[in-house]
Each structure stands twice: as C-alpha cells, then as structure tokens.
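Peer 1: sequence unknown, structure follows:
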C-alpha cells in the first residue's frame, strides 16, 4: 500500500505549496528584480558599459558569435517539434503498450522544456515592449539612457530584461532536471551567455539580473505544478527528500507497471531515472514472462540478504 501511495504521489507538496528552498529562491529572485537590479541600473550600469567598451575587438567578436546560441528559437522549435513527433509516434506508429508509454514520456519531457522557455519568454517580451529601455550602445554613442515607455517595438529600446539570458537559464534549468551530471555545465553555459550579452553591449548588468529573477521564479512555479499533477516528476520517498534542489525524474514508463512483490522493487521503489536501454531491456523481460512485470531485487534488499552459513568469509 505504501508503494502504491508513493506511485500516486500522495503525501507530497500540494500545488503551489512553498517549500523552504522555493521560498528562499523566490525571495532572492524578488530581491534581484526589485532591489538589486534598480540599484545596479542607477549606480553601476553606465560605468560598467564604459568599461565593456574598452574590451579588445577580438574578444567582442568571439562573444558576438557565441551569444547567438542563447536565442530562444534554437530551443523552442526543436522542443515542440520533438514533443509533437513523439506524441504522434506513440499514438499511431507504435503498437506495444510499453513502447507507447516511453514515447509519451519523452513527448512530455520535451513539452516541459518548451513550457519553461515559452512562459518566461512571453513575460520578458511583455516587459521589454512596455518599458522600452534604451540599449547600452545608445548610451555610448547618443548619450541616451533610461526608459521610454511603450516604444519597445524598436530594437534599440529592447534592453530590459535580457531575452537571451532568460532563454539560456531556462533551458539549463529544464534540461538539468533530467541530467543531473550536466547541471554544472548547463549553468556555466547560461552564465556565459548572460556575460556575453554585457560584453557585446546589447544589455546592461541590471537587464541580466532581472532575467535571472524572472526565470528562477517561473521555473520553480512550473516545476511545482508538474510535481503536484504527477507529470514527469516524482519527489523522493519522504517530504524531506522532496525539498531537494531539483525533483527526481519519474522512472521511464516501461517500469511503471511493476507491482510490489516479496524481495522485489515496487512502483514506488523505482524512483531514479532509467534510461531507454534499461526500459527496453525490461520490456523484453516482461514479454518473456508472458506480460508479467519483470521485478528485480532492490539494492537495499541485496545488501540486507543474509550471508550463507556454508560460504567461506
């Protein structure tokens, strides 16, 4: 019964419940947006822009090429296309139920990435168009600095906040949910994109700080919503583990059908990420057993297995 309750996600945070980590991230993000970003704009943005203008041209050219990777279109179109193709494959091309579950899971993961880029991106675009902050180059060449409301449709007045910084951070956080070992590299990529926007004189430091605040708040909100709905993610086996930096991805659907048995892992026990090779191997074992779920002993059960008295120490 306990495994079934874990599989259904019972006992985990309710929708929009503020855990300590989410509360801390929200407070830091709000501090960035409402306090540090305005102070930075008043005190440091003009001085930092003049400093960036003295960087050698070779460095600027390099970062000008690199910063294009932060454009959201490189991630929006592939993610929604992969989600749609995976859904259609599961619906019309695949016959076996376990394979359908895997394709549907992959479609949901791609759509999760798409949502995490789109929703913050729409908010960033709305703020850009309404505030109309002049870009750093206007400060250097025309001595124009500040906001001109509702003229943000002109590219020269699209500075606040940074869309590239928001897209790169959102993609890093979303993809990092599924690949724990890649999180440091993904965050380093997002930071590099954010710094490059300042170096090439298309954004101020305060623009980047505001984008980071918006991305963090909306990412945690979307992740908490998915967790409550039981989509893609299952928190740890207790509430304390559910407060980790990122929720664990749910197991690949090929192992979701496993039922608790004596000495085996139930649906609630299998909570770590299983790759496609693992899911396919379990599918073959299920077919060999006549459709019954292939259940292997848990690590904890193997460790607690009593030592054979006849076996030499």
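Peer 2: All right, it came through fine. Just so you know, these numbers come straight off a predicted model, no measurement behind them.
Peer 1: neighbours of residue 141, how many?
Peer 2: Close neighbours of residue 141, defined as other C-beta atoms under 10 Å, add up to 10. C-beta here means a position set from N, CA and C on the backbone, and glycine is covered the same way.
Peer 1: and it, that one's in a helix?
Peer 2: Yes: counting by DSSP: H, G, I helix; E, B strand; the rest coil, residue 141 is part of a helix.
Peer 1: so how far is residue 53 from it?
Peer 2: 10 Å (C-beta to C-beta, to the nearest Å).
Peer 1: check residue 221 too.
Peer 2: Taken as C-beta to C-beta, the span from residue 221 to residue 53 is 38 Å.
Peer 1: same check, this time on residue 163
Peer 2: 22 Å.
Peer 1: who has more neighbours out of the two?
Peer 2: Neighbours were counted for residue 163 and for residue 53 using other C-beta under 10 Å; residue 163 has more, 21 against 14.
Peer 1: excluding sequence neighbours, find me the nearest residue to the more buried one.
Peer 2: residue 124 (5.4 Å; C-beta to C-beta, 6 or more residues apart in numbering).
Peer 1: which positions within the helix or strand that that neighbour is a member of qualify as buried?
Peer 2: If you go by DSSP states H and E, residue 124 is part of helix 97-131. Residues 98-121, 123-125, 127-129, 131 are the ones in helix 97-131 that count as buried (16 or more other C-beta atoms under 10 Å).
Peer 1: swap in stretch 171-186?
Peer 2: Result for stretch 171-186 [16+ other C-beta under 10 Å]: buried residues 171-178, 183, 186.
Peer 1: turn those residues into JSON lines, including distance to residue 36, secondary structure and pLDDT.
Peer 2: Below are those laid out as JSON lines (distance: C-beta to C-beta, whole Å; DSSP: H, G, I helix; E, B strand; the rest coil; pLDDT from 0 to 100):
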{"residue": "171", "distance to residue 36": "24", "secondary structure": "helix", "pLDDT": "94"}
{"residue": "172", "distance to residue 36": "21", "secondary structure": "helix", "pLDDT": "94"}
{"residue": "173", "distance to residue 36": "20", "secondary structure": "helix", "pLDDT": "92"}
{"residue": "174", "distance to residue 36": "25", "secondary structure": "helix", "pLDDT": "92"}
{"residue": "175", "distance to residue 36": "27", "secondary structure": "helix", "pLDDT": "91"}
{"residue": "176", "distance to residue 36": "24", "secondary structure": "helix", "pLDDT": "90"}
{"residue": "177", "distance to residue 36": "27", "secondary structure": "coil", "pLDDT": "87"}
{"residue": "178", "distance to residue 36": "31", "secondary structure": "coil", "pLDDT": "87"}
{"residue": "183", "distance to residue 36": "24", "secondary structure": "helix", "pLDDT": "89"}
{"residue": "186", "distance to residue 36": "24", "secondary structure": "helix", "pLDDT": "94"}
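Peer 1: just the mean pLDDT for whichever strand or helix holds residue 213, thanks.
Peer 2: Under the criterion of DSSP H and E, residue 213 resides in helix 205-229. Across helix 205-229, the average pLDDT comes to 88.
Peer 1: that one versus helix 97-131: what angle between them?
Peer 2: Between the axis of helix 205-229 and that of helix 97-131 there is an angle of 150 degrees, by axes from the mean of the first three to the mean of the last three C-alpha atoms, to 10 degrees.
Peer 1: give me the buried positions along helix 205-229.
Peer 2: Neighbour count says helix 205-229 has 205-224, 226-228 buried, by 16+ other C-beta under 10 Å.
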